[in-house]
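Colleague: model the following, please.
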Amino acid sequence: MTDKSASSTTRYSAIAQYLHWAVAAMIMLQYVLMEVAESADSRVAKLGLIANHKSVGMTVLMLAVLRLLWRLFNQPPKLPDSMPSWQVSTSKAAHWGLYALLFAMPISGWLMSSAASYSVSWFGLFTWPDLVAPDEALKTRLATTHDWLGKLLFVTAIAHVLAACKHHFLDKDDVLKRMSAVVPIALFGLIIAGGTLALTDAGDSKSQTSEAATTEVGPARPDPADTAESTAPNEGSSDLPEWNIDFVTSFIEFTAEQAGAPFTGEWQTWEAKIRFASDSPEQSELDVLISVDGVSTQDDDRDSTLQETEFFDQANHPTVRFRTQSIQRDGNGFLSEALLTIKGVDHPVEFRFEVSEDGASRLLSGEARLDRLALGVGLGEWADTEWVGQFVDVSVAVVATVE
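Modeller: Now for the predicted structure:
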């Protein structure tokens, strides 16, 4: 009985061992995911791999919190009496340095994603709150910090492993055995092998499954908004007075999903001809022309991607046009049957909106949910709805006056 009790005081608890080996495996998996992401041929695959890298990173952060709490309330076993005092001091410093890095690495990545306007999703189950507002300069600094912290963690971990091996093979003491057991080490290998297989496969593009959506957008018809003589919305045929739009306070925004996390964008450059009266909806007209190069999602890479051929094809179709075909009352608001012209193709859509009036002032506000695949937006490799959401929510507010 005495020997068993003495033995138990020279080893870490089972919980401490499981946390130790699970975190170690997750860190190794992090490096694997980034290496695979860097060599990925598909941008969608890279997007998925980086998303999984972030999910694993946030898992490390959660486990690090648990491990630190366990450490604070459960003292580790004593180091061998034969260890010189400088080795004892170095060991303690290295351990606390590793703890600091276990927090600094995921938090710096979390901050970097927030600054890049790229919210962090945890395996698509929920989204972590952004820690800072989008800031391109801050994102660059945090990316550099994150990279250097990764290098420092790698070097520190290698030193930790070498020190443990030195104790086991040269000093022949029980330092390595304190944290070693068959089941936790088996868990270590299982996490690395299983995680590598599952999370690298999850990053592969599945765009071939959406080929039908690519071909069902209908025959292309000339888009009047793309011609040289049609650089502004039509005057229309309505006799109603035209609204004087305040473009500073008006907006056209959209919310979509990227790698399991939502993001918001805005079309910053647009024109509109609105002739609307609540008592004459059948005579009313809305005609909006949006410049594709005016998109802003607070991330330069994402903005440039949206202008590429697979999305809005800004080089060949610089505008998107929305024009109503009919408007009728719908409860307390209005329902418009309209055509949305994207890349030279007219798509029938519905847009529900409300109009409030205060003297000469007008506020038109409405929302719509659009299927990007049905509209021919985000095709090819981007048709993979696992990493790029299929539906886009559009929100509109037009502030105007009418003489």
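Colleague: which stretches of this protein form strands?
Modeller: For the chain, the strands defined by DSSP state E occupy 121-122, 126-127, 244-245, 251-258, 261-267, 270-275, 285-291, 295-296, 319-330, 333-342, 345-358, 361-371, 391-401.
Colleague: in its sheet, what does the second one sit against?
Modeller: What that stands for is strand 126-127. On the basis of DSSP bridges, the sheet neighbours of strand 126-127 come out as strand 121-122 (antiparallel).
Colleague: and for the longest one?
Modeller: Taking DSSP bridges as the criterion, strand 345-358 pairs within the sheet with strand 333-342 (antiparallel), strand 361-371 (antiparallel).
Colleague: how far does the longest one sit from its chain's centre?
Modeller: Spelled out, that is strand 361-371. In terms of Cα atoms, centre = their mean, to the nearest Å, the centre of strand 361-371 is set 25 Å apart from its chain centre.
Colleague: export the strands of the chain as a markdown table, with columns for mean neighbour count.
Modeller: Yep, even glycine has a C-beta here, placed from its N, CA and C like the rest. As requested, the strands of the chain are arranged in a markdown table below (neighbours: other Cβ atoms under 10 Å):
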| stretch | mean neighbour count |
| --- | --- |
| strand 121-122 | 20 |
| strand 126-127 | 12 |
| strand 244-245 | 16 |
| strand 251-258 | 18 |
| strand 261-267 | 17 |
| strand 270-275 | 20 |
| strand 285-291 | 22 |
| strand 295-296 | 20 |
| strand 319-330 | 18 |
| strand 333-342 | 19 |
| strand 345-358 | 15 |
| strand 361-371 | 17 |
| strand 391-401 | 18 |
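Colleague: relative to residue 198, which of those strands is closest?
Modeller: Smallest distance to residue 198 across those (Cβ to Cβ): 15.1 Å, for strand 121-122.
Colleague: need the residues that contact the closest one.
Modeller: Applying Cβ atoms under 8 Å, 6 or more residues apart in numbering, the external contacts of strand 121-122 come out as 51, 54, 55, 58, 59, 127, 128, 259, 260, 261.
Colleague: and the first one, what pLDDT?
Modeller: Among the per-residue scores, residue 51 holds a pLDDT of 96.
Colleague: equivalent analysis for residue 179, please.
Modeller: In this prediction, residue 179 carries a pLDDT score of 92.
Colleague: gap between it and residue 171?
Modeller: Taking Cβ to Cβ, to the nearest Å as the measure, residue 179 and residue 171 are separated by 15 Å.
Colleague: neighbour-wise, which of those two wins?
Modeller: Each of residue 179 and residue 171 has its neighbours counted (other Cβ atoms under 10 Å); residue 179 has more, 18 against 14.
Colleague: show me what contacts the more buried one?
Modeller: Residue 179 sits next to 11, 12, 16, 17, 20, 21, 164 when contact means Cβ under 8 Å, 6+ apart.
Colleague: which two in those residues are spaced the farthest apart?
Modeller: 16 and 164 (15.1 Å).
Colleague: looking at the two, which one has more neighbours?
Modeller: Between residue 16 and residue 164, residue 16 has the larger neighbour count (other Cβ under 10 Å), namely 19 against 16.
Colleague: pretty sure that one sits against residue 74.
Modeller: Yes: in terms of Cβ atoms under 8 Å, residue 16 counts as a neighbour of residue 74; the distance is 6.8 Å.
Colleague: in a markdown table: the strands paired with strand 345-358, plus distance to residue 250.
Modeller: Shown next, in a markdown table, are those (distance: least, Cβ to Cβ, whole Å):
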| stretch | distance to residue 250 |
| --- | --- |
| strand 333-342 | 17 |
| strand 361-371 | 9 |
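Colleague: which one, of the ones you listed, ends up nearest to residue 134?
Modeller: Taking Cβ to Cβ, strand 361-371 is the member of the strands paired with strand 345-358 nearest to residue 134, at 23.3 Å.
Colleague: so which of the strands of the chain gets nearest residue 196?
Modeller: Proximity to residue 196, assessed across the strands of the chain by Cβ to Cβ, is greatest for strand 121-122 (18.8 Å).
Colleague: give me every residue that touches residue 99.
Modeller: By Cβ under 8 Å, 6+ apart, the residues touching residue 99 are 64, 67, 68, 71.
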